[in-house]
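**Student:** Predicted model and sequence follow; I will ask about them next.
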Amino acid sequence: MTSAVFPGSFDPFTVGHRYIVERAAGRFDSLVVTVVVNPNKKGMFDVDERIALIREDCADLTNVRVDRWTGLLVDYLRQENIDTIVKGLRSGTDFDYEVPMAQMNRELADVESMFLLTDPRYAHVSSSLVKEVAKLGGDITPFLSPAIHQRLQARLAGEQRI
């Protein structure tokens, strides 16, 4: 059985992430979308919320599960007996950032990285940019599933009352 991990912070999970999940799910028997926890960062959504949102968004993909991890990703792959990391690339900048990590992961744990190019429609979409546009009142509807969009708008409305 072939398995892979698609790691990220996913704060929030965008249509670009979903596109990569769909493509990777079609190439592996099992895909684990892994919310990688950075204890030094406070996200818009906490880890449990992100996991719930991703599970809801990917419920139709029967070979996809969602998990979390704190620490070196290669340790997670060893624990789960998985040897492939899937990464989505939007541009050459992403490639330049991801290649050294892929090489380090191969050196540390004989783990391969598989790079999937995003659809050009999503090349400009990032979680950070979506949050920034939303905070400034821009329309982020095309970049998120309806459920995630609704949760993000509700979160922003709650922050504005504080």
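**Tutor:** Looks like it came in fine.
**Student:** where does G43 land in three-state SS?
**Tutor:** coil (DSSP: H, G, I helix; E, B strand; the rest coil).
**Student:** So it is in contact with R50, correct?
**Tutor:** Yes: look at G43 against R50 with CB atoms under 8 Å: they come within range, at 7.1 Å. Every C-beta, even on glycine, is put in place using the N, C-alpha and C of the backbone.
**Student:** So for those two, which residues contact both of them?
**Tutor:** Taking CB atoms under 8 Å, 6 or more residues apart in numbering as the criterion, G43 and R50 both touch S9, D11.
**Student:** So if I had to pick from those two, which one is more boxed in?
**Tutor:** Using other CB atoms under 10 Å as the criterion, G43 and R50 rank with R50 on top: 25 against 17.
**Student:** Angles on the backbone of the more buried one, please.
**Tutor:** phi -60, psi -40 (degrees, to the nearest 10).
**Student:** Begin at 5, not 1, for the rest of this chat.
**Tutor:** Renumbered: residue one is now 5, and that last one reads R54.
**Student:** For it, give me its contacts.
**Tutor:** Contacts of R54 by CB under 8 Å, 6+ apart are S13, F14, D15, P16, F17, V39, G47.
**Student:** Kind regards, and thank you for your time.
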